[in-house]
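*Asks:* return atomic coordinates for the entry below.
(4 chains)
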Protein chains: 2
Amino acid sequence: MSGYDIKSLFKGLSWLIDSPSYGSLYPTLHSLLDDGLATVNVEPNNSKPPRKLYEITEAGRRELRTWLQELSSTQFSIKAFVRHLILADSLSNDELKTRLTHRRTQIVDYLSTPTPLEESDGNPPQELGQRLVHDYSTAIAEAELRWLDAKLSALTQTAGEGQDHGLYSSS
Amino acid sequence: MSGYDIKSLFKGLSWLIDSPSYGSLYPTLHSLLDDGLATVNVEPNNSKPPRKLYEITEAGRRELRTWLQELSSTQFSIKAFVRHLILADSLSNDELKTRLTHRRTQIVDYLSTPTPLEESDGNPPQELGQRLVHDYSTAIAEAELRWLDAKLSALTQTAGEGQDHGLYSSS
DNA sequence: CAGAGCATGTAACACGTTACATGATTAG
DNA sequence: CTAATCATGTAACGTGTTACATGCTCTG
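*Replies:* Residues are numbered from 1 along each chain as shown, chains lettered A, B, ... in the order given. A predicted model of the protein is given here:
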């Protein structure tokens, strides 16, 4: 993909996670080249600035794998999970299944932790906000749980299909 | 609340949105005092550092309102919406309803935009990640829509109840 | 008796955004 | 004809994190 393509992808997801600015995106791409983690293929684009199509190298893929491993073992955020999904192409069927299962565990844990419930006394000084957010957070978590279950069952039924991980077969 | 309390609140929400570090939280609280947007009430805490309980001033509440207005009219992100919910105490019944309705509109718009569907040709070079994320994003958006509808109907049924906005009456 | 939680705060550093620079093409 | 989209890039600036400093208390 080109820097522009990457930016577009994130822009479409910006309601869920932050989208990087070109000011950080382009320099990052340049440093990937310097480190040999990616290669470019410059494609002329009639009098417009040429499209620079980046591709990950083997070394890059190795780095990516360890980075994703780190991510999933230390971060629970939606941001981290979405990053994982975006990069699902780099994972094998089994790896993806492992990650989704791990995520499922985290969500279940989150949903089962009994709300801290702060403020002893007669409790409501002013905490409508807290309750609303907690409520919202729970609703989102439950939705994610259902989504994970659906994907996991699709992934398990068609065990070793390779290509599309059995997720989007027969439209 | 104290700086510590605020941090705890965000920590509990860190799976949804970023939690600020103390390194930015405390200085921010200090600058609110300088600007007269908040006041402190220092509460001794037997030999532990005293708890500094901050409270918003009238001027602060005015600033907050315009800030929230700005937020909701320019940002569509979950981050912005969660901020709004946390601060729901500062909004009147009608204001809250307006914001939720506005959010609902945004979600509906998002769900109705026909997926860009990039890559003309025979389309699938490698875009499992894109599809997965889109799928996930849609599932979350639909869950939020249902949540909004539930809250909005609760809010409308008990029109002008004041106190708890009619949201959490008779448990 | 060690580690987690309570509780506040500062300074160096890294990071990312904003604003700028450039310019053709296509859609309304 | 104007605005949006395509397409890349740099430098100054602002903001936020990381690491450090301090010290009591409760839990396992």
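*Asks:* which strands or helices does the lengthiest helix in chain A pack on?
*Replies:* When chain A is parsed with DSSP state H, its longest helix is helix A:128-157. Where contact means 3 or more Cβ pairs under 8 Å, 6 or more residues apart in numbering or on different chains; DSSP states H and E, helix A:128-157 is packed against helix A:93-112, helix B:78-86, helix B:128-157. Any C-beta I mention is one placed from the backbone N, CA and C, and that applies to glycine too.
*Asks:* for chain B, see how far away the residue in chain A that DNA strand D sits nearest to is.
*Replies:* Relative to DNA strand D, the nearest point of chain A is A:Y4 (2.9 Å; Cβ to the nearest atom of the strand). Using Cβ to the nearest Cβ, to the nearest Å, A:Y4 is found at 12 Å from chain B.
*Asks:* after the strand or helix carrying that residue, next one along is what?
*Replies:* A:Y4 is part of helix A:3-12 when elements are defined by DSSP states H and E. Using DSSP H and E, the next helix or strand after helix A:3-12 towards the C-terminus is helix A:22-34.
*Asks:* show me which residues of chain A sit near DNA strand C.
*Replies:* By Cβ under 7 Å from any atom of the strand, the residues of chain A that approach DNA strand C are A:D18, A:S19, A:P20, A:S21, A:Y22, A:G23, A:S24, A:T28, A:N46, A:S47, A:K48, A:P49.
*Asks:* kindly write the PyMOL command that selects the buried subset of these.
*Replies:* Selecting only the buried entries of the residues of chain A next to DNA strand C in PyMOL, with 16 or more other Cβ atoms under 10 Å in any protein chain shown as the criterion:
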select buried, chain A and resi 19
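*Asks:* between the residues of chain A next to DNA strand C, which sits nearest B:V108?
*Replies:* Distance to B:V108 across the residues of chain A next to DNA strand C (Cβ to Cβ) is lowest for A:S19, with 21.6 Å.
*Asks:* which non-adjacent residue is nearest A:G36?
*Replies:* If the residues on either side of it in the chain are set aside, A:G36 comes closest to A:A59, at 5.6 Å by Cβ to Cβ, 6 or more residues apart in numbering or on different chains.
*Asks:* can you tell me how far that neighbour is from A:S137?
*Replies:* Applying Cβ to Cβ, to the nearest Å, the value for A:A59 to A:S137 is 39 Å.
*Asks:* more neighbours: these two, which one.
*Replies:* Set side by side, A:A59 and A:S137 show more neighbours around A:S137, with 19 against 12, by other Cβ atoms under 10 Å in any protein chain shown.
*Asks:* now the closest residue to chain B within chain A: closest residue in space, sequence neighbours ignored.
*Replies:* Closest contact between chain A and chain B, by Cβ to the nearest Cβ, is at A:A143 (3.1 Å). Sequence neighbours aside, B:A143 is the residue nearest to A:A143 in space, at 3.1 Å (criterion: Cβ to Cβ, 6+ apart).
*Asks:* near the one you found, how many other residues are there?
*Replies:* B:A143 has 20 neighbours, counted by other Cβ under 10 Å.
*Asks:* right, and it touches A:A141 too?
*Replies:* No - when contacts are counted by Cβ atoms under 8 Å, B:A143 is not listed as touching A:A141 (9.3 Å).
*Asks:* re earlier: extract the C-alpha trace of the helix holding A:Y4 and format it as PDB.
*Replies:* Extracted in PDB, the C-alpha atoms of helix A:3-12 (Å, rounded to 0.1, in the frame of the first residue of the first chain):
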ATOM      1  CA  GLY A   3       1.100   6.100   2.500                       C
ATOM      2  CA  TYR A   4      -2.000   7.600   1.200                       C
ATOM      3  CA  ASP A   5      -3.800   4.200   1.100                       C
ATOM      4  CA  ILE A   6      -2.800   3.600   4.700                       C
ATOM      5  CA  LYS A   7      -4.000   7.000   5.800                       C
ATOM      6  CA  SER A   8      -7.400   6.300   4.100                       C
ATOM      7  CA  LEU A   9      -7.700   2.900   5.800                       C
ATOM      8  CA  PHE A  10      -7.200   4.600   9.200                       C
ATOM      9  CA  LYS A  11      -9.500   7.500   8.400                       C
ATOM     10  CA  GLY A  12     -12.300   5.000   7.800                       C
END
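*Asks:* summarise which helices and strands it is packed against.
*Replies:* Counting by 3+ Cβ pairs under 8 Å, 6+ apart, helix A:3-12 packs on helix A:22-34, strand A:48-56.
*Asks:* which of those sits closest to B:R83?
*Replies:* B:R83 sits nearest to helix A:22-34 of all the helices and strands packed on helix A:3-12, at 23.1 Å, using Cβ to Cβ.
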